[in-house]
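Colleague: Provided below are the primary sequence and the corresponding predicted coordinates.
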Amino acid sequence: MKNREIRIKKDFEDHYRKLLGELYEKFIDFSLRPLKKAIRINTIKVFDDLLPENLEGIVSGETNIGIDSLYNLRQYPFNLKIKATDVLKRLKERGWEIERIAFYKYGFWVSHPGRRDIGNTLEFQLGYYYSQEAASMIPPIVLDPKPGETVLDLAAAPGSKTTQMAMHMENKGIILAVDVDKYRLKALSSNLQKQGVINTLVLHMDGRKIKDLNITFDKVLLDAPCSGTGAIRKSFKTFIIWNERMIQRLSRLQKQLILSAFDVLKEDGILVYSTCSIEPEENEEVVNYLLYKRENARIERIEVPNLKRSEPILEWRGERYFSDIKYTLRIWPWDNDTEGFYIAKIRKI
Ligand code: SAM
């Protein structure tokens, strides 16, 4: 759909003017800009040599952005034939400009004067990298799953974050990847295979029934089904399908899912809740609901070096949220030139 064909509905505009105030125009401006393409290097398949000195001449802009010590994953035990910098060099030789994403060692912006199909390369098919929106890399960074842990991905398909978590876990421990949509699970299974993931079980079920399995987890990711209003840049259809009833329906589902996710955590376990929506009803209100329903839920402050963030919303439509909601992460599209995202980290005490 071309920009000039886009009609913004009156109730959409009224709603967002109320939410954003003077930032409304900026929101529309950013929502109409094409989303920057990004990739995540997959250290299950390629050797991690992503040191600033090795990136000189391959990556434009700053190569040493002070994040290298943060995520030094151990090398996967197979004999990896190709280095991360070789993959980047191959893309550069084909005309792709590559730039570091300031908040993640394995993330790179990629751009090309004539194309956007970064998923259409041999290197992608071989699983050397994954094409993933930059903000979508943040929830696994925050959850920080470790080798050997038991992890639940409760709304997992098509598996961007499952494959990223498997990489952080060095393919050790176990991930249970659940989704209610069997067609999307096919894409997930194919992505697991392509990325060389072998520590993940795939389960087709409604996440609201996860308790029935009688399993508890060290960590849970709930990247919830949402309205996608933070990701309008990816799909202008959101302008058309948006309506208040849809937001309320999703908010109810998200509240059920967050309780289910929290209830299968082990004591001291961590839940990360995320959406690519900017609606308070799908974000702060859902986390607030969890705090209200479960006394043993504690919000933890999220720290991601070099990531720009905005203030969470603490009051909306006459409802004041628990003050600890201020420790959660709200990202507007202009903060890091990504999708809009919301992320909360909750510990079970
Ligand atoms: N985490 C995924 C990734 O990074 O690739 C994206 C997940 S997408 C935002 C939300 C997912 O929730 C969809 O795949 C949808 O099928 C799934 N979903 C919706 N309702 C669900 C439910 N009741 N139980 C489990 N999954 C559900």
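Modeller: Yes, it's here.
Colleague: Can you give me every residue that contacts the nearest residue to S235 once chain neighbours are set aside?
Modeller: Once flanking residues are discounted, S235 sits nearest to G228: 6.5 Å by CB to CB, 6 or more residues apart in numbering. (C-beta placed from N, C-alpha, C; glycine too.) Shown in contact with G228 (CB atoms under 8 Å, 6 or more residues apart in numbering): 234-235, 238, 276-277.
Colleague: From those, pick the one nearest L143.
Modeller: C276 (16.2 Å; CB to CB).
Colleague: does that closest one really touch P225, like I thought?
Modeller: No. C276 lies out of contact with P225 (CB atoms under 8 Å); the separation is 10.4 Å.
Colleague: okay but A134 is in contact with F108, surely?
Modeller: No. Contact between A134 and F108 fails when scored by CB under 8 Å: they sit 9.1 Å apart.
Colleague: can you list residues touching both of the two?
Modeller: Shared contacts of A134 and F108, defined by CB under 8 Å, 6+ apart, are found at 38, 101.
Colleague: phi, psi of H168?
Modeller: phi -70, psi -30 (degrees, to the nearest 10).
Colleague: just I58 next, same as before
Modeller: According to degrees, to the nearest 10, I58 has phi -100, psi -40.
Colleague: which one is it nearest to, not counting chain neighbours?
Modeller: L88 (5.0 Å).
Colleague: Near the ligand, which residues of this structure? Just list them.
Modeller: 136, 155-161, 178-181, 184, 206-208, 223, 225 (CB under 6 Å from any ligand atom).
Colleague: Checking my notes, L291 in a strand, right?
Modeller: No. Using DSSP: H, G, I helix; E, B strand; the rest coil, the secondary structure at L291 is helix, not a strand.
Colleague: Tell me where the model's unsure across the stretch 51-200 of the chain.
Modeller: Residue ranges of the stretch 51-200 of the chain with pLDDT under 70: 68-70, 78.
Colleague: Distance from the chain centre to stretch 90-98, please.
Modeller: 25 Å (CA atoms, centre = their mean, to the nearest Å).
Colleague: part of a helix, is R17?
Modeller: Yes. Counting by three-state DSSP, R17 is located in a helix.
Colleague: Now the residue nearest to it when sequence neighbours are not counted: which helix or strand?
Modeller: Once flanking residues are discounted, R17 sits nearest to Y24: 4.9 Å by CB to CB, 6+ apart. Taking DSSP states H and E as the criterion, Y24 maps to helix 24-32.
Colleague: pLDDT of the helix or strand where D11 lies, averaged?
Modeller: For D11, the host element (DSSP H and E) is helix 10-20. Taken as a whole, helix 10-20 has an average pLDDT of 90.
Colleague: so that helix versus helix 24-32, what angle?
Modeller: 120 degrees (axes from the mean of the first three to the mean of the last three CA atoms, to 10 degrees).
Colleague: Send me helix 10-20 as CSV with only the CA atoms.
Modeller: Listed next in CSV are the C-alpha coordinates belonging to helix 10-20 (Å, rounded to 0.1, in the frame of the first residue of the first chain):
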residue,chain,number,x,y,z
LYS,A,10,-11.1,9.5,12.9
ASP,A,11,-11.3,7.3,16.0
PHE,A,12,-7.7,6.2,15.4
GLU,A,13,-6.6,9.8,15.3
ASP,A,14,-8.7,10.8,18.3
HIS,A,15,-7.3,7.8,20.3
TYR,A,16,-3.7,8.5,19.5
ARG,A,17,-3.9,12.3,20.0
LYS,A,18,-5.2,11.5,23.5
LEU,A,19,-2.4,9.0,24.1
LEU,A,20,0.5,10.9,22.5
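Colleague: which strands and helices sit next to it?
Modeller: Under the contact criterion of 3 or more CB pairs under 8 Å, 6 or more residues apart in numbering; DSSP states H and E, helix 10-20 touches helix 24-32.
Colleague: And for the helix or strand following the helix it packs on, what's in contact with it?
Modeller: As assigned by DSSP H and E, the chain's next helix or strand after helix 24-32 is strand 37-41. The list of residues contacting strand 37-41 from outside it, by CB under 8 Å, 6+ apart, reads 48, 50, 84, 87-88, 101, 104, 106-111, 116, 118, 128-134, 137, 164.
Colleague: What residues does the closest residue to the ligand within the stretch 1-150 of the chain make contact with?
Modeller: Nearest residue of the stretch 1-150 of the chain to the ligand, counting by CB to the nearest ligand atom: S136, 5.8 Å away. Contact analysis of S136 by CB under 8 Å, 6+ apart lists 160-161, 276, 339, 341.
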